[in-house]
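Participant: Prediction below, plus the sequence it came from.
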Amino acid sequence: MTARDTILVTGGAGFVGSHFARAALDAGSKVVVLDDFSGGSTEVPGAVIVRGDIADRALVGKTLAAHRVTSVVHFAGKIAVNESVRDPAMYFDGNVVRTLALLDVIREHGPGVMLFSSTAAVYGTPERTPIEEHDRLAPINPYGATKLAIEHALAGYGTAYGLRWAALRYFNAAGAHPDGTLRENHEPETHLIPLVIDAALGRRPPLVIFGDDYPTPDGTCIRDYVHVCDLAAAHLAALDRLDGGASLGAINLGASTGMSVKQIIGVAERVLGRPVRHSIGPRREGDPAVLLASNALAARVLGWRPERSSLETILDDAIRSRT
């Protein structure tokens, strides 16, 4: 049996999770989605759906055994930086405590392979860009702190219990499946690109830019946007590398291209042929000025390079999914 045979995808009805589940199904895997469907979620045709909480040890154990799961890909968790600043207790419970419960069931029942959805937020405000995996880890918000705590837990479980693991540190996941059937569907929506599109189409109030006084060329935050389908491909490559091999540790997933909020708005206006209504608001707590990935390790270890992560392709796919 291989790690790809039967995959338990926690949070598999969410944005990145649903795209990974679709890619795994298309690649011939059996996919079991475990999700509580609390966050604007999407059904994944072809997957086995289990509704529930990753902290429900009995449910998780039963699911692992019933489906003979060969690997776990863990997307479930809280993801909003500003919300984590307002309510850190919810984030440490929702991310760390629940993941530890999941890990304990995996330790008891198997499988011995876990792939974790981590984040560039573990770096905090970087000392240099592009960011490499060995750079300083100093999260500046509770969201990033919870993800880093889980990485430490995975390393400990790997050493003590033989768990083979990898933590894929996403930069800014964006885009949508090119056939338009899957998209970002958060409730409430907090990600920039769907907010930009919906503001241009008149579906939302004008976009609020959180600060235009950052130390960047146009004063707005710079981020590294990576297409969600490229992320899904990286997860499949990581499972292949973990299959019978050692743990991979942490690996950045980004396009290694930085775009500011105002640049995103400009490209969106050009692609859509209409203005993006926006205003300037105060900075949002916990936002570093620049996050830009080095993806050299992903290229070397996973053989991965982003193929759909040009901003124009990301926007084209996102627009198609929303119109």
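Facilitator: Received the coordinates, thanks.
Participant: Which residue comes closest to Asp212 once chain neighbours are left out?
Facilitator: Nearest residue to Asp212 in three dimensions, chain neighbours excluded: Gly219, at 4.0 Å (Cβ to Cβ, 6 or more residues apart in numbering). Backbone N, C-alpha and C define where each C-beta goes, glycine included.
Participant: Quick check: the gap between that neighbour and Ser260.
Facilitator: Gly219 sits at a distance of 8 Å from Ser260 (criterion: Cβ to Cβ, to the nearest Å).
Participant: Neighbour count for these two, which is higher?
Facilitator: Set side by side, Gly219 and Ser260 show more neighbours around Ser260, with 21 against 16, by other Cβ atoms under 10 Å.
Participant: got the phi/psi numbers for that one?
Facilitator: phi -80, psi 170 (degrees, to the nearest 10).
Participant: so what does the helix or strand hosting Ile197 touch, helix or strand wise?
Facilitator: Taking DSSP states H and E as the criterion, Ile197 maps to helix 192-200. For helix 192-200, the packing partners by 3 or more Cβ pairs under 8 Å, 6 or more residues apart in numbering; DSSP states H and E come out as strand 172-174, strand 207-210, helix 261-272, helix 311-322.
Participant: Name the next helix or strand downstream of the longest helix that the chain contains, please.
Facilitator: In the chain, ranked by residue count with DSSP state H as the criterion, the top helix is helix 142-161. The C-terminal neighbour of helix 142-161 among helices and strands, as given by DSSP H and E, is strand 164-170.
Participant: Provide the strand pairings for that following strand, with the direction of each partner.
Facilitator: strand 113-119 (parallel), strand 249-253 (parallel) (DSSP bridges).
Participant: Give me the residues contacting it.
Facilitator: Strand 164-170 is touched from outside by 16, 112-120, 122, 133, 150-151, 154-155, 157-158, 226, 231, 234-235, 238, 241-242, 245-254, 293, with contacts defined as Cβ atoms under 8 Å, 6 or more residues apart in numbering.
Participant: Show the buried residues in those residues.
Facilitator: For those, a neighbour count by 16 or more other Cβ atoms under 10 Å gives the buried set as 16, 112-120, 122, 133, 150-151, 154-155, 157-158, 226, 231, 234-235, 238, 241-242, 247-248, 250-254, 293.
Participant: re the thing from before, next, the angle from the longest helix of the chain to strand 113-119.
Facilitator: 160 degrees (axes from the mean of the first three to the mean of the last three Cα atoms, to 10 degrees).
Participant: give me the number of residues near Pro206?
Facilitator: 11.
Participant: how about it, what does it touch?
Facilitator: Applying Cβ under 8 Å, 6+ apart, one finds that Pro206 lies in contact with Ala199, Arg277, His278, Ser279.
Participant: Compute the distance between the residue lying closest to Tyr214 once chain neighbours are set aside and His134, please.
Facilitator: Once flanking residues are discounted, Tyr214 sits nearest to Ala289: 4.2 Å by Cβ to Cβ, 6+ apart. Noted for Ala289: a distance of 21 Å to His134, by Cβ to Cβ.
Participant: Okay, now the unreliable bits of the stretch 101-250 of the chain?
Facilitator: 186-188 (pLDDT under 70).
Participant: could you redo the last one with a cut-off of 80?
Facilitator: 183-190, 244 (pLDDT under 80).
Participant: what's the domain layout of the protein?
Facilitator: Using automatic domain parsing, the domain parsing of the chain gives 6-174+226-253, 192-223+256-322.
Participant: and among these, the most buried is which?
Facilitator: Of those, the one with the most neighbours on average (mean count of other Cβ atoms under 10 Å) is domain 6-174+226-253, at a mean of 20.
Participant: Beta-bridge partners for Ile131, please?
Facilitator: Residues in beta-bridge contact with Ile131 (DSSP bridges): Ala293.
Participant: For the closest residue to Leu25 other than its chain neighbours, which three-state class applies?
Facilitator: Leaving aside its sequence neighbours, Leu25 sits nearest to Gly46 (Cβ to Cβ, 6+ apart; 4.7 Å). Following DSSP: H, G, I helix; E, B strand; the rest coil, Gly46 is assigned to coil.
Participant: correct me, but Gly46 touches Val31?
Facilitator: Yes - counting by Cβ atoms under 8 Å, Gly46 does reach Val31; the two are 7.1 Å apart.
Participant: rewinding a little: kindly reformat the domains of the chain as CSV containing distance to Thr181.
Facilitator: Shown next, in CSV, are the domains of the chain (distance: least, Cβ to Cβ, whole Å):
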stretch, distance to Thr181
domain 6-174+226-253, 8
domain 192-223+256-322, 8
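Participant: Between those, which one is closest to Arg183.
Facilitator: The minimum distance between Arg183 and the domains of the chain falls on domain 192-223+256-322, with 3.5 Å, by Cβ to Cβ.
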